[in-house]
Every structure is written in C-alpha cells, then in structure tokens.
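Visitor: can you look at this prediction? I've put the sequence above it.
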There are 2 protein chains.
Amino acid sequence: MRRKSLSGAPCPIARTLDVIGDWWSLLIVRDCLKGMRRFSELQKNLDVSKNILTRRLRALIAQDILTLQPAADGSAYQEYRLTDKGRRLFPVLVALSQWGRENLAGIDPNPMTLVDREYRQPVRPIEIRAHDGRVLGPGETVMTRLG
Amino acid sequence: MRRKSLSGAPCPIARTLDVIGDWWSLLIVRDCLKGMRRFSELQKNLDVSKNILTRRLRALIAQDILTLQPAADGSAYQEYRLTDKGRRLFPVLVALSQWGRENLAGIDPNPMTLVDREYRQPVRPIEIRAHDGRVLGPGETVMTRLG
DNA sequence: CCGTATCCATTCCGATACTG
DNA sequence: CAGTATCGGAATGGATACGG
C-alpha cells in the first residue's frame, strides 16, 4: 500500500508536509537559501548520491519550489534557483534551526547559530503573535475556517 | 544501505530533521498541541493504522517529545502528553501552516487558518528579526559558529 | 480500549557503472 | 559537470489477526 496523499487534506500543515515532508527537500532548500545553485555544490555539501539528488531536485521543480535556468555566470550549465514560493520557506527553516539548537544539544559545546549577517548577532527566537501583538502559546490558538 | 543519520551533523536543521523529519511525527505533535492525548483519538483523527501509530509514538517518547503517563481523568489507561521540548515545536508547526496556507491554495476557497483563540483573528505571519528588531530576509542571515 | 505480532507491498536511499 | 540506469537493501506504511 502506498502512503496516503495528504494534498487534499484540509489542514495546511498536512498539505505542506505532503510537499516538503521528506528527508532531503528542506536540506536542499536550506542550501539554496545559502546561495548554492549548482548540482555539484549541492551534491558535495549534502553528501547524497547523485541519483537521489536528481530525484529530489526534479520533485522540487515540479512543486514550483525550484527552477532550472541557464547559469547566470555564462557557464555552459544550468543552475537551480529558488522560486519565491521556495524562498518563503525561510521561516520554516529558521524554526527548525532554533528548535534544534535549543533542544538537541548533543556533544557540541558551541553549536551553529543563525545570525544577522551584518552584526553577527543571533536572530531573535521566533514568536507567534496575535493581530494585536500579544505573544501566543499553543493553547491560545485554534485552527479554524474563517468566515 | 540505510539512510545516513544526521544526528551528529553540525547544522541544527539537519539534526532536527533527523528527529522529526519523518512523515507522521509532526502531525502527531500537531494533534497533541490541540489537546489530544488518547491513542484512539490520534488514530481516528490521523487515519493511520494502529501499528504505525504505535511505532511513531514510541519513537517520539524515545526522543523525549512525548511522555506516557497515567490518565489524569482517572480512566484506567494512559495518555500521551507533550513534554516541554515537544511543546516548543509550536513555531515549527505555525511556520508550516502559514506556508501551506499561502502557497498551496488548492481547490479550497476558504482554507483553514490559525487564529487567536480569543478574538478569532488570524495569527500574524512569522517574521525573522535581528537582535535590534529589524526584519531579516534569507540573504541577511548566516549560519555560523559563535565565539 | 490499547496496543502487539505478522506479513507483505511500496517507497526510498545508496553504491556503482555508464553516458553526453 | 551533470546527470541516467540498474540493482540491492532498508525503512516505512498498511491490513489483519490476536492479546492484556
């Protein structure tokens, strides 16, 4: 039996996981957000076999998260670039990063941190805020259909 | 060959995906954040077979994201509750939810939305902010080791 | 009600070899 | 450099039956 598709689920979390909920996709998006564009860059940095990388890249293109374009630097090859839709995954990656750093200490006494490029200060922890600016915890929110 | 473990990776995103990057985990956490605690509730709502649910629950307990405790309502059974560590995944789920709602429109003209429980207003879009409050885009951040 | 035990199908990953 | 083809192994998901 195949895994149920959740693309038609009412919950946007489920639908999102249906698209980027696999193992490699978010790591590829992470590297593209860092500016990587070439197949070989991604392959080396992710340490993934080429056929897997190919498959994942194709899937991300099909989802309109990446595009494959002629390289801007004039080289004969093509390059993978994030679409706007892909770039909007930034908060997802930041949330994952912050949770990992705070909750998966591990052995590393000085784990990597997302910082402001200019001032080299850590980015603020993400907060969930109501329309009026109040910080909300999980219990103060509900998933509902408006209207 | 088995999938590479990224638990020792330097990048906190990779380490996080190693823990909750599978198909069901975040959906279970989502339901627990909504207040679900019972096996049967989860099984019905997720529409997952019992053995799979058992496997995932055990894994989440092993990761200290869930605990299994005697039910508070006096029933003979036990209940699954999020640990603080698990509860801190809230921003991850909100980020996934917002991305899905904004970028995976689908057929539904009125998709589900996360709202403030009290006023029924949509939660603000997550913003990534620097230490001084400036909103940061992906290009204005770097992942680095401090110190 | 809350699982566990089998068993099977599918999907996914990875190594290797090969191509333009 | 940038893939494709093939193959095998492992993890995952699911149906079903069974047990405390």
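Guide: Happy to help now that I have it.
Visitor: and the pLDDT at the residue of chain A found nearest DNA strand D?
Guide: Going by C-beta to the nearest atom of the strand, DNA strand D is nearest to A:Ser40 of chain A, at 3.0 Å. From N, CA and C alone the C-beta is placed, and that goes for glycine too. Looking at A:Ser40, its pLDDT stands at 94.
Visitor: that one and B:Gln63, how far apart?
Guide: Counting by C-beta to C-beta, to the nearest Å, the separation of A:Ser40 from B:Gln63 is 34 Å.
Visitor: which one's more surrounded, these two?
Guide: When neighbours are counted by other C-beta atoms under 10 Å in any protein chain shown, B:Gln63 comes out ahead of the other of A:Ser40 and B:Gln63, with 17 against 11.
Visitor: ok, that one - contacts?
Guide: B:19-20 (C-beta atoms under 8 Å, 6 or more residues apart in numbering or on different chains).
Visitor: hmm, try it at 7 Å
Guide: B:Val19 (C-beta atoms under 7 Å, 6 or more residues apart in numbering or on different chains).
Visitor: quick check on A:Asp71: phi, psi?
Guide: Actually, residue A:71 is Ala. It isn't Asp. phi -60, psi 140 (degrees, to the nearest 10).
Visitor: I figured it hits A:Arg81, correct?
Guide: No - A:Ala71 lies out of contact with A:Arg81 (C-beta atoms under 7 Å); the separation is 9.9 Å.
Visitor: quick one: low-confidence ranges for chain A?
Guide: A:1-2, A:107 (pLDDT under 70).
Visitor: spatially nearest residue to the most centrally placed residue in chain A (excluding sequence neighbours)?
Guide: For chain A, the residue nearest the mean C-alpha position is A:Leu26 (4.1 Å; C-alpha atoms, centre = their mean). Here the nearest residue to A:Leu26 in space, its sequence neighbours aside, is A:Ile20; by C-beta to C-beta, 6 or more residues apart in numbering or on different chains that works out to 5.7 Å.
Visitor: more crowded one of A:Ala71 and A:Arg81?
Guide: Counted by other C-beta under 10 Å, A:Ala71 and A:Arg81 do not tie: A:Arg81 has more neighbours, with 17 against 13.
Visitor: residue contacts, that one?
Guide: A:37, A:66-67, A:69.
Visitor: and it, that one's in a strand?
Guide: Yes - under DSSP: H, G, I helix; E, B strand; the rest coil, A:Arg81 sits within a strand.
Visitor: separation between it and B:Val142?
Guide: 19 Å.
Visitor: what do you get for A:Asn51?
Guide: Taking C-beta to C-beta, one finds A:Asn51 at 31 Å from B:Val142.
Visitor: in terms of neighbours, single out the busier of the two.
Guide: B:Val142 (14 against 8).
Visitor: can I take it that that one is in a strand?
Guide: Yes - counting by three-state DSSP, B:Val142 is part of a strand.
Visitor: OK, contacts around it?
Guide: Contacts of B:Val142 by C-beta under 7 Å, 6+ apart are A:115, A:117.
Visitor: which parts of chain A sit against DNA strand D?
Guide: When proximity is defined as C-beta under 7 Å from any atom of the strand, chain A approaches DNA strand D at A:1, A:3-4, A:38-41, A:50-51, A:54, A:57-58, A:68, A:77-78.
Visitor: strands along chain A, start to end?
Guide: Secondary structure of chain A (DSSP state E): strands at A:66-70, A:78-82, A:112-116, A:141-145.
Visitor: dump those to TSV, plus distance to B:Val123.
Guide: Formatted as TSV, these follow (distance: least, C-beta to C-beta, whole Å):
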stretch	distance to B:Val123
strand A:66-70	28
strand A:78-82	25
strand A:112-116	22
strand A:141-145	6
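Visitor: show me which residues of chain A sit near DNA strand C.
Guide: Counting by C-beta under 7 Å from any atom of the strand, chain A sits next to DNA strand C at A:1-3, A:22-24, A:48-52, A:55-56.
Visitor: thinking again about what came up before, tell me which of the strands of chain A sits most buried.
Guide: strand A:112-116 (a mean of 20; mean count of other C-beta atoms under 10 Å in any protein chain shown).
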